[in-house]
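A.B. asks: make a model of this:
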Amino acid sequence: QVQLVESGGGLVQAGGSLRLSCAASGSIFSISGMGWYRQAPGKQRELVATITSGGGSTNYADSVKGRFTISRDNAKNTVFLQMNSLKPEDTAVYYCRADIRKYRFSMVEEYWGQGTQVTVSS
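C.D. replies: Got it, this is the predicted structure:
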């Protein structure tokens, strides 16, 4: 089985920083795209940032550009989200996603973590 486990969420004051981590474990042959998404109460889940397999290409939601940075460590099957200059509107449950091939000739499947709460106080 494949499992994604997020960590690093918590309560922070506006203007502060947090670093989220998401580690993939289990039967993994390769991981292509990875990303972070968030869902605030009463709202739909939205994309925060994505990163390609080699880390050479990243994409950010306009609302976080210049404040958040996505990165990955392929040796550890881990993706990170460095969040700076946090705002109360960043409050949400943050989820990581990974496109994983479990075996050499298997299809790529999408996996999600369980989510980690980020709360930014004003």
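
A.B. asks: remind me which helix or strand the spatially most central residue of the chain belongs to.
C.D. replies: With distances taken as CA atoms, centre = their mean, Trp36 lies nearest the centre of the chain, 2.8 Å away. Counting by DSSP states H and E, the element that carries Trp36 is strand 30-39.

A.B. asks: with only the CA atoms kept, save the following helix or strand past that strand in PDB.
C.D. replies: Downstream of strand 30-39, the next assigned helix or strand under DSSP H and E is strand 46-51. Extracted C-alpha coordinates of strand 46-51, given in PDB (Å, rounded to 0.1, in the frame of the first residue of the first chain):
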ATOM      1  CA  GLU A  46      -8.100  24.600  -4.200                       C
ATOM      2  CA  LEU A  47      -4.700  24.200  -5.700                       C
ATOM      3  CA  VAL A  48      -1.800  25.800  -3.800                       C
ATOM      4  CA  ALA A  49       1.300  24.700  -5.600                       C
ATOM      5  CA  THR A  50       2.600  21.800  -7.800                       C
ATOM      6  CA  ILE A  51       6.000  20.600  -8.800                       C
END
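
A.B. asks: can you name the residues that contact the closest residue to Arg67 other than its chain neighbours?
C.D. replies: Excluding its sequence neighbours, the residue lying closest to Arg67 (CB to CB, 6 or more residues apart in numbering) is Ser85, at 4.7 Å. For the C-beta atoms, the positions are set from N, CA and C on the backbone; glycine is no exception. Neighbouring residues of Ser85 by CB atoms under 8 Å, 6 or more residues apart in numbering: 15, 17, 67.

A.B. asks: hmm, Met83 and the last one touching each other?
C.D. replies: Yes. Contact between Arg67 and Met83 holds when scored by CB atoms under 8 Å: they sit 6.8 Å apart.

A.B. asks: neighbour-wise, which of the two wins?
C.D. replies: Met83 (27 against 15; other CB atoms under 10 Å).

A.B. asks: and the more buried one, how far from Arg19?
C.D. replies: Remark: distance between Met83 and Arg19 (CB to CB, to the nearest Å) = 7 Å.
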